[in-house]
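[1] Generate a structure from the sequence data that follows.
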Amino acid sequence: MINKPELSSLPYYYQYYVNLITENDLFEAFENNKKEFIQFISSIEKDKLDFSYEMNKWTVREVIRHILDTERIFQYRAFRFSRFDFTPLSGFDENKYISKTTHLILNKEELIEEFSLIRQNTIALYRQMNNDMLDFLGEANKQQSNARGLGFFIVGHQKHHTKIIKERYFLN
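    As a prediction, this is how the structure comes out:
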């Protein structure tokens, strides 16, 4: 079991995302979130994947891509921190990442498969961690955080963007 971090131990920006999670155990949150997200992607009508609610806003497919990219990046950060790496890690520009993926027109099944594989790898990584590894403070994007907080951030970030898709893209 990996318990939620104290909010005061997280960068302020992460706290919102962690507060979206009702589970106290990270593995339970990972599994519940995985099922919910797969059901959510499955429920999206094919013609809605390329819908954008406003000019210059990401499409539903691009928002999903962003969720996948972010989990990969935060998984890597958690790996580095769990190995007690003091090297400051840079941030990333999510808009540039998305602009370089316009050729990736994955269908729903491919998006689900990719998400499932990424989440499976995230869970496998966290199964290896003890409390010292989870709580080591590393630096990314000029903010201190730890693997414990990053794990909960991953789940909260996905929940946040799913909520945005439902509200702004009219996918209820």
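[2] before we move on, what SS does Trp58 have?
    For Trp58, the reduced secondary structure class is coil; criterion used: DSSP: H, G, I helix; E, B strand; the rest coil.
[3] Do I have it right that it meets Ile67?
    No - using Cβ atoms under 8 Å, Trp58 is not in contact with Ile67, being 10.8 Å away. For every residue, glycine as well, the C-beta is placed using N, CA and C.
[4] for stretch 47-63, which positions count as buried?
    Leu49, Phe51, Trp58, Thr59, Val60, Arg61, Glu62, Val63 (16 or more other Cβ atoms under 10 Å).
[5] ok, now stretch 121-130?
    Here stretch 121-130 shows Thr122, Ile123, Leu125, Tyr126, Met129 as buried, counting by 16+ other Cβ under 10 Å.
[6] May I see the buried residues of stretch 47-63 organised as TSV, with pLDDT and distance to Met1 added?
    Formatted as TSV, the entries for the buried residues of stretch 47-63 read as follows, by pLDDT from 0 to 100; distance: Cβ to Cβ, whole Å:
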residue	pLDDT	distance to Met1
Leu49	93	36
Phe51	92	40
Trp58	93	35
Thr59	92	38
Val60	94	34
Arg61	93	35
Glu62	93	35
Val63	95	31
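[7] For those residues, work out which two are farthest apart.
    Leu49 and Trp58 (11.3 Å; Cβ to Cβ).
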